[in-house]
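Novice: Provide a 3D model corresponding to the input given below.
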Amino acid sequence: MRVLSFLTAALLPFTALAAKKTPSDRFAEYNTKQRSAGKAVSLNDRSYEELTKSPRDYSVAVLLTALDARFGCGLCHEFQPEWDLLAKQWLKGDRESEGRLAFGTLDFLDGKQTFQSMMLNTAPVLLLFHPTTGPNAKLDNTPSRYDFSTGTDKAEPIHAWLTRQLPNIPHPEFRRPFNYMKLAITTTAVLGLITFGTVAAPYLLPIIQNRNLWAAVSLIAVLLFTSGHMFNHIRKVPYVAADGKGGVSYFAGGFQNQFGLETQIVAALYGILSFATISLALKVPRMAEARSQQIAVFVWGGVILGTYSFLLSVFRIKNGGYPFWLPPF
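Specialist: Model prediction:
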């Protein structure tokens with residue numbers, strides 16, 4: 001028994017040396033895991049430390065994320081499928097692992113010590129560890145960090161960033177898989193619209209082809225845009241303003257200023273003038289009785305005169321030097 005104990009103690013140093021993994025052994029182990037999983041390997045504090053420690057003859061891209069609902073990281077949930085897709089596409093394109101790039105994911109719940117050691121209080125964070133030995137080695141062991149401040153949640157910018165950071169290795173092309181679900185939804189929606197249009201065409205076509213409807217829509221659009229409706233939206237003008245005397249001012253002086261209510265009043269004036277002119281041109285000539293026709297001419301003529309007179313008075317408010325006017329305003 002003493003001899004056996006002595007031999008065991010003597011062989012311990014050699015056993016420890018045999019158990020110590022070389023960088024190539026570490027990469028081979030994690031490369032097997034990521035290829036069997038078909039995505040980035042899920043890490044914890046121990047495996048993260050083992051995968052990223054020096055020396056390394058390989059590169060490591062690690063996504064530090066916080067997927068638990070308690071943390072409310074929306075970008076983490078949006079980007080995680082893209083990260084797994086990028087790892088899958090890269091591994092698929094680099095079948096022989098010539099680029100020697102390992103992909104990993106470290107969630108906060110599995111890597112609290114790592115997050116604390118790096119004093120991270122935001123997620124996600126993407127770190128790229130460059131090789132420390134070999135032809136692509138970098139003397140600086142500090143990992144490169146991708147900036148998520150732009151809010152990107154797609155794999156394409158990350159693929160481009162990895163390509164720039166690792167110029168001396170093969171760069172598999174990133175091809176997003178065809179979205180059959182989107183195709184099915186789009187096809188169903190198009191067929192549904194075609195079916196609806198075919199069934200509803202006998203009822204909708206008379207409405208769409210109605211001249212009076214298009215005339216009304218066109219007239220409303222013209223009144224809105226000529227009265228300054230777009231100006232109000234662009235400039236964010238007030239609806240009305242105080243006149244400095246305890247009252248309310250409905251019209252703003254000058255051609256570069258106007259109020260919201262002013263636009264509505266001007267549009268109403270234009271609408272009344274348009275309706276009166278259309279009535280005089282189309283409705284009055286069709287009247288059978290001469291007396292009714294004469295009354296209509298005087299009524300619509302009076303409406304046009306009064307409305308246009310008020311419109312000129314509004315214009316005088318906008319431009320105090322305007323010399324013309326019409327009664328009764």
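
Novice: and the helices in this structure?
Specialist: Counting by DSSP state H, the chain has helices at residues 2-19, 23-37, 45-52, 74-93, 112-117, 155-165, 180-208, 211-226, 229-235, 260-278, 290-318.

Novice: can you list those helices in a markdown table and add mean pLDDT?
Specialist: Output for these, formatted as a markdown table (pLDDT from 0 to 100):
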| stretch | mean pLDDT |
| --- | --- |
| helix 2-19 | 44 |
| helix 23-37 | 91 |
| helix 45-52 | 93 |
| helix 74-93 | 93 |
| helix 112-117 | 93 |
| helix 155-165 | 93 |
| helix 180-208 | 91 |
| helix 211-226 | 87 |
| helix 229-235 | 84 |
| helix 260-278 | 90 |
| helix 290-318 | 91 |
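
Novice: any idea which of these gets closest to Arg100?
Specialist: helix 23-37 (6.1 Å; C-beta to C-beta). No exception for glycine: its C-beta is placed from N, CA and C like everyone else's.

Novice: which parts of that closest one are buried?
Specialist: For helix 23-37, the buried set under the neighbour-count rule, 16 or more other C-beta atoms under 10 Å, comprises 23, 26-27, 30-31, 34.

Novice: packing partners of that helix?
Specialist: With contacts defined as 3 or more C-beta pairs under 8 Å, 6 or more residues apart in numbering; DSSP states H and E, the packing partners of helix 23-37 are strand 41-43, helix 45-52, helix 74-93, strand 101-107.

Novice: one step back: turn the helices of the chain into a markdown table, columns for distance to Glu173.
Specialist: Shown next, in a markdown table, are these (distance: least, C-beta to C-beta, whole Å):
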| stretch | distance to Glu173 |
| --- | --- |
| helix 2-19 | 40 |
| helix 23-37 | 18 |
| helix 45-52 | 26 |
| helix 74-93 | 6 |
| helix 112-117 | 32 |
| helix 155-165 | 9 |
| helix 180-208 | 21 |
| helix 211-226 | 49 |
| helix 229-235 | 45 |
| helix 260-278 | 55 |
| helix 290-318 | 63 |
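
Novice: looking at those, which is closest to Ala66?
Specialist: Taking C-beta to C-beta, helix 74-93 is the member of the helices of the chain nearest to Ala66, at 5.4 Å.

Novice: and the closest one, what does it pack against?
Specialist: Helices and strands touching helix 74-93, by 3+ C-beta pairs under 8 Å, 6+ apart, are helix 23-37, strand 59-65, strand 101-107, helix 155-165.

Novice: okay if I get the helices and strands packed on helix 23-37 as CSV plus mean neighbour count?
Specialist: Shown next, in CSV, are the helices and strands packed on helix 23-37 (neighbours: other C-beta atoms under 10 Å):
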stretch, mean neighbour count
strand 41-43, 20
helix 45-52, 17
helix 74-93, 18
strand 101-107, 24
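
Novice: out of those, which comes closest to Gly247?
Specialist: Closest to Gly247 of these is helix 74-93 (C-beta to C-beta; 51.2 Å).

Novice: show me what contacts Val314?
Specialist: Shown in contact with Val314 (C-beta atoms under 8 Å, 6 or more residues apart in numbering): 251, 265-266, 269.

Novice: need the buried ones from those residues selected in ChimeraX.
Specialist: Here is the ChimeraX command that selects only those of the contacts of Val314 that count as buried (16+ other C-beta under 10 Å):
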select :251,265,266,269
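
Novice: returning to that earlier point: for the buried residues of helix 23-37, which one is nearest Gly197?
Specialist: Closest to Gly197, out of all of the buried residues of helix 23-37 and judged by C-beta to C-beta, is Gln34, at 50.2 Å.
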